[in-house]
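Participant: For reference, the sequence and a predicted model appear below.
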Amino acid sequence: MTDTINPSEIEALFTRADGSFVFARWGRPIVPIVFGVDDKTLEVIKGAVEAVATLANHEVAETDPELGANLMIFFFRQWDELIEVPDLDRLIPDLHPLVDRLKSADANQYRIFRFDETGAIKASFVFLRMDDQLSEVPAETLALSQIVQTILLWSDTAFSAKSPLAVMPDNQAVILRPDIAGLVRAAYDPVLPPHADDPSLALRLFARINAAQVQ
């Protein structure tokens, strides 16, 4: 497990399958709401939100003045259940065709982001279909994985080959990989823009990571 990351690796984490580079972070406090879980799991998820937001030095709030809640996390068994959620089709106008595509792909998770006029993240919707695979993942691991994948607009292929999480060898605790933790922290440095489509941002992120390590 390494805690170093180089500029090309950073660039790859924000370079999408079509070759475009897109970076974005949250531009407003995160206000989470979770559907479809019991109180115990709810506390685990909110704890993960707090932990990752604290890492990023970003605020978590009780309400968003425009949206009420801006990070909506849905747990369910079948994609068709989303069609029955009141007013969700108003928040996601293409909800029906999206559900059809996800069913056809036999997907078990999906994330949608919304952006403000600066390109910063203003809302995210996280959908988790609890199939056999996801149901076997401990709640703490699933929560941390989902929240770190929502704290930034990563590439659609960012973690396809390697998880953002790591297991501590001494006590088997699941943590955020040190290199990813350092990158998240750097991404929220106020000197950096909330959105960028120029790959040179990877060099600036790398510089902020190094600056944090020598402080």
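Facilitator: Now that the structure is in, tell me what you want to look at. Residues are numbered from 1 along each chain as shown.

Participant: Verify the stated contact: Arg177 with Met168.
Facilitator: No: with contact defined as Cβ atoms under 8 Å, Arg177 does not count as touching Met168 (11.2 Å). Yep, even glycine has a C-beta here, placed from its N, CA and C like the rest.

Participant: of the two, who's got more company?
Facilitator: Neighbours were counted for Arg177 and for Met168 using other Cβ atoms under 10 Å; Arg177 has more, 19 against 10.

Participant: For the more buried one, which non-adjacent residue is closest in space?
Facilitator: Of all residues not flanking Arg177 in the chain, Ala166 sits nearest, at 4.6 Å (Cβ to Cβ, 6 or more residues apart in numbering).

Participant: you'd agree that neighbour is in a helix?
Facilitator: No: secondary structure of Ala166 (DSSP: H, G, I helix; E, B strand; the rest coil): strand, not part of a helix.

Participant: Can you report how many residues lie near the nearest residue to Phe76 once chain neighbours are set aside?
Facilitator: Spatial nearest neighbour of Phe76, excluding adjacent residues (Cβ to Cβ, 6+ apart): Gly36 at 5.4 Å. Number of residues near Gly36 (other Cβ under 10 Å) recorded here: 15.

Participant: same thing with Pro190?
Facilitator: Here the number of neighbours of Pro190 (other Cβ under 10 Å) works out to 7.

Participant: and the gap between Pro93 and Gly119?
Facilitator: 20 Å (Cβ to Cβ, to the nearest Å).

Participant: Actually, Ile30.
Facilitator: To Gly119, Ile30 is 17 Å away according to Cβ to Cβ.

Participant: For the lengthiest helix in the chain, buried residues please.
Facilitator: As assigned by DSSP state H, the longest helix anywhere in the chain is helix 39-56. In terms of neighbour count (16 or more other Cβ atoms under 10 Å), helix 39-56 has its buried residues at Thr41, Leu42, Val44, Ile45, Lys46, Ala48, Val49, Ala51, Val52, Ala53, Leu55, Ala56.

Participant: what helix or strand does the residue lying closest to the fourth one once chain neighbours are set aside sit in?
Facilitator: With sequence-adjacent residues excluded and distances taken as Cβ to Cβ, 6+ apart, Ile45 is closest to Ala143, at 4.5 Å. Secondary-structure element containing Ala143, defined by DSSP states H and E: helix 139-148.
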